[in-house]
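Peer 1: have a look at this prediction, sequence included:
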Amino acid sequence: MKAIIHIGLKSGVLDPQGRTIARSLAHLGFDSVTKARQGKTIELDLDTEDVDIAKLDVEKMCKQLLANTVIEDYQIEIVEQD
Amino acid sequence: MKAIIHIGLKSGVLDPQGRTIARSLAHLGFDSVTKARQGKTIELDLDTEDVDIAKLDVEKMCKQLLANTVIEDYQIEIVEQD
Amino acid sequence: MQSAVIVFPASNCDRDAATALEKITGHKPLMVWHEETTLPKVDFVIIPGGFSYGDYLRSGAIAARSPIVQDIIKKAGTGLPVAGFCNGFQILTEAGLLPGALMRNKGLRFVCRPQKLQVVNTQTMFTSGYNNEEEITVPIAHFDGNYYADDDTLKKLKRTGRILFKYVDNPNGSQNDIAGISNQAGNVLGMMPHPERAIDPLHGGTGGIALFKSIVEAVQ
Amino acid sequence: MKKVVITPEVVAEHGLSESEYELICDRLGRTPNINELGIFSVMWSEHCSYKSSRRHLKKMLTKGERVIQGPGENAGVIDIDDGDAIIFKMESHNHPSYIEPYQGAATGVGGIMRDVFTMGARPIANLNALRFGDPSHPKTRSLVAGVVHGIGGYGNCVGVPTVGGETNFHRGYNDNILVNAMCVGHAKKDKVFYSAAKGVGNPIFYVGSKTGRDGIHGATMASAEFDDDSEEKRPTVQVGDPFTEKLLIEACMELMSTDAIIAIQDMGAAGLTSSAIEMADKGGVGVKMNLDKVPQRESKMTPYEMMLSESQERMLMVLKPGKENLAVEIFNKWDLDVAEVGITTDTGHLILTHKGKTVCDIPIAPLGDDAPNLKRPYAKPQELETLKNDPVIDPIERGTNYKDIISILITSPDIASKRWIWEQYDRSVMGDTVQSSNSGGDAAIVRIHGTNKAVAITTDCTPRYVTADAFEGGKQAVAETYRNLCSVGAEPIAITDCLNFGNPERKEVMGQFVRSIEGIDAACRALDYPVVSGNVSLYNETNGQAIPPTPCIGGVGLIKNLDRYASLSGAKNGDHLVLLGNTTGWLGASLYAHLILGHDKADSPIYAPPPVDLMAEKNNGTYIQRLIRNRRVNAVHDLSDGGLALAAIEMAFASKLGFEIKGSADIPVYAWLFGEDQGRYLIAVEGNSLNPILSTAQGLNIPAKKIGVIGGDRLIASGAFDLSLHDTHMEYENWMPDYMAD
Ligand SMILES: Nc1ncnc2c1ncn2[C@@H]1O[C@H](COP(=O)(O)OP(=O)(O)O)[C@@H](O)[C@H]1O
Ligand SMILES: [Mg+2]
C-alpha cells in the first residue's frame, strides 16, 4: 500500500517561497499566474494490508514527525497498490 | 483555475531526504514503512478560462523554471475552480 | 584587466568576490545588477555565492533565468571566462552552462568548514597556478553542494579532464568527490568551495590565490 | 465587523488589571474602543513596558568613555576609533522557539539583525546562546536540530557570519528552552540612525514585507468577535523570510547613504503599534496614520489586527519631506513594499483612520509615562556553605579514577564539542572572520572590513553559579566575558545582556533577578565595562517550575592591531604552561561537584560558587592583554567550567599537542585540577619569556606559576591522569554527533 501525504502551510501563514515563485513566473512573462504556493509531498510505501489501520498509522506519523501542525496542514491519501 | 504541479526526483536519483524520513519513522516505531520519497508541489492560481491553454502554459513554466529536468520529473494537474 | 561581479537579490559573497579580485588584480571589478541585459566589456566574470532569491524553489534556479545570465550564456559561448563559486556554481548548472545539478547535501545539513581539495587538472586557465595534485584548503559553506550527473556525463567529465577540483573527505555526497568542474571549452568554471574566502592568511588561508592568479595570467 | 463591547472579561483577556483599565479610561476621558485597548495592552505588557524590571535595570552602569548610545534605542552604540562605531544587542526568542524551533529561532535571528541595521549598521557577526533541556528528555533532540537549523537557515541566507555562542543542557530547561541571539554591526560614527521622530508634518513610511495576521497574541476571545473564522486564520508563530531581510538590509543601507531619513525603527514585538508610538514619543510629536495604506497580505484585516500584527521584515521610517520619491525608487528596486502611511503631527496623539473613520485616538505621552512600574517583592538570598578540599570528595577515596572523571567531564553535554552545531553556521561569509567557533577560542574575532583592527565578541553565563548565588553568578557572567575578550588580546569595551528568568510574581524568582542585576552591575563598574543594550525575558516557567536563572551576557572588545592577537591554538612543542591568577581549589558549584559529586540533584546541599574578585579580574585581564600585545605568549585560555584540567585539555586539542602538568603540595590534586577559582588564565610561553613573565606578574601582585610543559601526544597530570590526546579528543568530538545521530 502507498500513502501520499500532502503538506502545505496553513492559510494565513507567510509563504515566502510561493511569493518568490509567483514573481519570478511573472518576470518570465507568465502573467496569468496570480498566486503560487509551495508545499511538499511525502510518499510512503507501507507494508500493511488494512487501509483503516494504515490511515490511522499515517495520521500518527504526520502528527509526530512529518508535519508541523503549528504552521502546516496535511492531507493523507491512501493508494492501494496496483 | 488552479494548477497543481507535483515535482519529484527522477528514479535513480538518490533521495537522502526520503531516506532520512523512512529511518526516522522506523525509529519512532512505525515499522510498516518500507520506503519514503519526498517531493514538492507548487500550486498556482491562474487567471485563464481555457484548460488547454492553461496546460500548455504550465508545461512551459515547468520546463523553463519550475522543474530541473536533469534530476526531476513533474506532473501537472489542472483543477477547475469550484 | 577588467572584471565583473554579478549581483542578484540576496547574493551575499559579491563583496567578498570583489575584495578578492581587487586584492589580486589591483582593479576594482564592475558590479553588475541582475536586471541588466548586457554585460559591459570585461575580460572575466564572477557569479558569486550567496542565496540568490533566497534559494527558493531550487538554489540558483531563479537567478539562472535573469536577464544578465542570458547575456552571460551568449558570451560564454564565444569564450568569455566565467567562474561561479557556490551559489554561482548552482546558477551555472541551472543555466545549462555546466552539466549536472547540485542537490541537497547527503547529511541534510548545511556545512561550513575549511575543506581540503585536490587540484586534479592544472592544464586549465583556472588552475595553471597550482601544482599537479596539489592539496589546498578552501572554505566551504553550503547546503546544496551534492554534485549529481548521470553516468555518461560523469565519464565524459573525467575523460576530458573537466574535473578540476575534488574533495579530500567528501563533505556532501558529491559523485566522484567532485568539487569543481569546467565546461567543454574550458572557459567556464563552477565550484562549491569559496576561493574568494581563501586569499588572506588571517581569514580562510591562502589556498585560493593561485586560482585568481591563473585567471589573470590567462586573460592578459 | 461587529463592534466589540469592552467587558471586564475582554479587559482581563488583554492582560490589563482593573486599576490599569481605570487609568486608561481616566486618561482618555472615556472608555477605550477595542483598538485602543489592544494598543494599551501591548504597550503595557511586560515585554514592551518592562514593568517588573524597569526600576532595577535603571541601576546599571550605562555610561563610559566609548559609549555613544546606551540602552533606550534599538541597540547600543560604542566608539571604536577612526570614526567607526559598533552597534550591538542580544535578544531572546525563547517561547516561539519551543513552539516551532526552526521558525522561532530563525525569526529571532532576523529580529536582532533588524535592531542593528535599523541604526545604520551593517551586521557583521551573529552569535547565539542556547539552553536546552536534559539530553534524555524526549523533546530535546528535535529542539536542538530545529533551533540550529533555523539559526543557520536565516543567518546563512542573509550572509552574516555566525561566529560564536554557547550551548548548555539542563533539565531545568526541559519545557522552556532559551534561544538568545546577538548581532553586532558596524557603522560610521556620523552615520548612526535613531528612532526619534522629530518634526511636524513629515511623512511616515512603511517598508518591507506586507502585514499579515502573524503572531497576534492573547485577546483571542475579543478579537474572535471581529470575524467568525479569524481564529483559524491566525497563526501564532511567524515565518521568517531571510531573503526579504537581506533585501531590506541592502535597501535601507542604500537609503541611509542619502540624507532622507529623520528617524527609523524596525517593527518588532507589537509591530506597528510600538514602532509608531516609540518614534512619536521620543520625538515628542503626534502621529496620524491611514491604515488603508498599510500593505496587507490578507484580505479584510481589521485595524486591531494591523496594529498588533508581528509580521516580520518590516520597518517604519520618518522621512524628510521631498524625499518620498527617492525612498519609493530604492525600495522598488529591491522589490520591497513601500507605502506612505502617515504623517507626524503636533497633536501629541496617535490617530488612526480606517475606511474613512477614526478608529483610534489616544494621547501618546501617557502610554509611556503611565506605564506600570511595579515594585515586586523579592526574597533575600540564602546563606551558603563553602566547599573546598574535603577528603570525602577525593575521587580516590570515592573509588573512582581520574581517567573516568575526565571522560565524564569531556563528554558532558555542556563541555563536549559543539561542532555539530557551528558547522551548520556560515562563519566565513563577508571575508573578515579571523576566529570563530572552530578555533574553540574564547571569543570570536571579526575584522572591521578594510582595516587592520577587529572586534572580539563572546557570550557567557554559568547558570550553575547563578542558581546557587545570583549575585556572584551575575558578577561571574560579566567577568567571564571580560576574561574571554582579554584571552584573545582585546580590550573589553561594553556588554549587552539578555536576562532570562522565571515568573517575577514569585518572590524567589524576583530575588534571583534583582540580585543578578546587582552582581552584573558590580562587575560592570569595577571593570569599567558598561551595559549598552539588553533584553529581559520573564515567565520562562511551566507548572511552577522556573528555568535556572540565566542572565546571559554578550561582551564586545576591541583589537586595535590584528598583528597582535591570541587564541588557544598557538601552543608550541616545548612551551611552558603558566597559570595566572589565584588558585585555592574552590569546588562549590563546580562542574566537578555537579557531575562527579552529584550536587546537581534536587536534594543535595547548595554550596557557594567561586567568588569573583573584581580587582584581581581587572588586574589579571589587563596583564594578559599586555602580554598578547607584546607577543609574549603563544596561546591563552581562560579557566572556566571544569577548571585547570579542562582548560589545559582544550588548549591541547586546539594546539594538537599534549602536555604534562604538576600541582603543588598545598592543594589536593583533585581540587587543583577541577577547582573553579575565578580570574585565571592558562598561557603557553616560550622558554625565554618565562622568567620575565613570572617576575612582572609578581611585581603586579598577580599569582603566577609554571605548572608544566607542552608537547608530545599524551595528556599528563602527575598523580592523576595520563591519557591519549587523540582518544580523548575523539571522545570530546563524538558526543554530540552520536547524540544527534538518532
Ligand atoms: N550555539 C553555538 N553557536 C556557535 N558556537 C558555539 C555554540 N555553542 C558553543 N559554541 C562554540 O564552542 C566553543 C566552546 O564554547 P564554550 O565552552 O561556551 O566557550 P568558553 O567557555 O570559552 O566561553 C566556543 O568557540 C563557542 O563559540
Ligand atoms: Mg565556557
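Peer 2: Sure, I can see it. Numbering: from 1, shown residues only, chains lettered A, B, ... in the order given. Ligands and ions are numbered 1, 2, ... in the order given.

Peer 1: and the host helix or strand of D:Leu37, what other elements does it pack with?
Peer 2: Taking DSSP states H and E as the criterion, D:Leu37 maps to helix D:34-43. Applying 3 or more C-beta pairs under 8 Å, 6 or more residues apart in numbering or on different chains; DSSP states H and E, one finds that helix D:34-43 contacts helix D:8-13, helix D:18-28, helix D:220-224, helix D:271-283, helix D:303-308, strand D:357-363, helix D:365-369. C-beta here means a position set from N, CA and C on the backbone, and glycine is covered the same way.

Peer 1: look up the closest residue to D:Ser567, ignoring the ones flanking it.
Peer 2: D:Gly441 (4.6 Å; C-beta to C-beta, 6 or more residues apart in numbering or on different chains).

Peer 1: again, but for D:Glu305
Peer 2: D:Arg213 (5.5 Å).

Peer 1: show me the contacts for D:Thr411.
Peer 2: D:Glu731, D:Tyr732, D:Asn734, D:Trp735 (C-beta atoms under 8 Å, 6 or more residues apart in numbering or on different chains).

Peer 1: just the closest of the residues you listed to D:Ala416, please.
Peer 2: D:Ala416 lies nearest to D:Trp735 out of these, by C-beta to C-beta, at 3.6 Å.

Peer 1: go ahead and confirm the residue nearest to D:Glu305 touches D:Glu298.
Peer 2: Yes. Using C-beta atoms under 8 Å, D:Arg213 is in contact with D:Glu298, at 6.0 Å.

Peer 1: and the residue nearest to D:Glu305, what's its pLDDT?
Peer 2: D:Arg213 carries a pLDDT value of 88.

Peer 1: can you show me the helices along chain C?
Peer 2: Assigned by DSSP state H, chain C shows helices spanning C:14-25, C:61-64, C:67-76, C:87-94, C:151-159, C:209-219.

Peer 1: max-length strand in chain A?
Peer 2: strand A:33-46 (DSSP state E).

Peer 1: please identify the buried residues of that strand?
Peer 2: Neighbour-count burial for strand A:33-46, counted by 16 or more other C-beta atoms under 10 Å in any protein chain shown, picks out A:Val33, A:Ala36, A:Arg37, A:Gln38, A:Gly39, A:Lys40, A:Thr41, A:Ile42, A:Glu43, A:Leu44, A:Leu46.

Peer 1: pick out the most distant pair among those residues.
Peer 2: Greatest spatial distance in the buried residues of strand A:33-46: A:Val33 and A:Leu46, 35.6 Å, computed using C-beta to C-beta.

Peer 1: count of residues packed around the residue nearest to D:Glu305?
Peer 2: Residues within reach of D:Arg213, counting by other C-beta atoms under 10 Å in any protein chain shown, total 25.

Peer 1: now do D:Cys183
Peer 2: 32.

Peer 1: quick one: low-confidence parts of chain A?
Peer 2: A:82 (pLDDT under 70).

Peer 1: so which residues on it come close to chain C?
Peer 2: Applying C-beta under 8 Å from any C-beta of the partner chain, we find that chain A lies next to chain C at A:Pro16, A:Gln17, A:Thr20, A:Ile21, A:Ser24, A:His27, A:Leu28, A:Gln38.

Peer 1: ok, of those residues, which one's closest to C:Arg15?
Peer 2: A:Thr20 (22.8 Å).

Peer 1: in contact with that closest one, which residues?
Peer 2: C:Tyr53, C:Gly54, C:Tyr56, C:Leu57, C:Ile62, D:Phe243.

Peer 1: at 7 Å instead, please
Peer 2: Contacts here follow C-beta atoms under 7 Å, 6 or more residues apart in numbering or on different chains; on that basis A:Thr20 touches C:Tyr53, C:Gly54, C:Tyr56, C:Ile62, D:Phe243.

Peer 1: also near chain A: which of the residues you listed, exactly?
Peer 2: C:Tyr53, C:Gly54, C:Tyr56, C:Ile62, D:Phe243 (C-beta under 7 Å from any C-beta of the partner chain).

Peer 1: quick one: pLDDT of the second one?
Peer 2: Spelled out, it's C:Gly54. Listed pLDDT for C:Gly54 reads 95.

Peer 1: D:Ala648 now?
Peer 2: D:Ala648 carries a pLDDT value of 98.

Peer 1: tell me, how many residues neighbour it?
Peer 2: Neighbour tally, D:Ala648, other C-beta under 10 Å: 29.

Peer 1: go on, D:Glu480?
Peer 2: 29.

Peer 1: gap between it and D:Ala327?
Peer 2: 44 Å (C-beta to C-beta, to the nearest Å).

Peer 1: now do stretch D:261-276: everything it contacts.
Peer 2: By C-beta under 7 Å, 6+ apart, the residues outside stretch D:261-276 that reach it are D:39, D:42-43, D:47-48, D:74, D:111, D:114-115, D:118, D:193-199, D:202, D:255, D:278-279, D:283, D:287, D:289, D:306-311, D:314-320, D:350.

Peer 1: OK, contacts around the nearest residue to D:Gly83 once chain neighbours are set aside?
Peer 2: Nearest residue to D:Gly83, sequence neighbours excluded (C-beta to C-beta, 6+ apart): D:Lys189, at 5.1 Å. By C-beta under 7 Å, 6+ apart, the residues touching D:Lys189 are D:Ile68, D:Asp79, D:Gly83, D:Asp84, D:Ala85.
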